[in-house]
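# next one to model:
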Amino acid sequence: VSPSIGMFKVIKAKVTIPLHVLIRPRGGDFLYSDLEMEVMISDILAFKQAGADGVVIGALDKDGNLDEKQCQQLVEAARPMSVT
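Numbers count the residues shown, from 1 in each chain. Predicted coordinates for the structure are as follows:
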């Protein structure tokens with residue numbers, strides 16, 4: 001699950017290494033609804049504004065394959081940050 005913005009800001013202020021934030025709205029599988037995607041995009045934008053160096057993402061389709069459309073949406077939201 002993604003850290004809070006507050007936790008990120010405190011850690012960012014105390015370290016000098018690049019920080020990449022895990023973007024996950026919940027535990028469990030990686031099959032995301034449209035609402036969860038909206039939350040993840042909002043989180044990416046908030047972490048970008050807060051100074052994150054990158055994000056760690058992933059999304060699968062109902063068959064367990066990479067959901068290229070959802071991943072592309074997350075990558076686009078993250079630009080120009082690094083994405084893993």
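# how about the contacts made by the residue positioned nearest the centre of the chain?
Nearest to the mean C-alpha position of the chain, by Cα atoms, centre = their mean, lies I23 at 2.7 Å. Going by Cβ atoms under 8 Å, 6 or more residues apart in numbering, I23 touches S2, M40, D43, I44, F47, V55, V56, I57, L74. From N, CA and C alone the C-beta is placed, and that goes for glycine too.
# go on, V83?
With contact set as Cβ under 8 Å, 6+ apart, V83 has these partners: G54, V55, V56, I57, L74, V75.
# please pick the buried ones from these.
Using 16 or more other Cβ atoms under 10 Å as the burial test, the contacts of V83 include G54, V55, I57, L74 as buried.
# just those now: which is nearest D29?
Closest approach between the buried ones among the contacts of V83 and D29, by Cβ to Cβ: I57, at 14.5 Å.
# shouldn't that closest one be in contact with V75?
Yes - proximity of I57 to V75 meets the contact threshold set by Cβ atoms under 8 Å, at 7.4 Å.
# right, and S82 touches I57 too?
No - S82 lies out of contact with I57 (Cβ under 8 Å); the separation is 11.0 Å.
# name the residue most distant from the centre of this structure?
The chain, farthest from centre, Cα atoms, centre = their mean: D63 at 21.9 Å.
# hang on, that residue in a strand?
No - note on D63: no strand contains this position according to DSSP: H, G, I helix; E, B strand; the rest coil, which reports coil.
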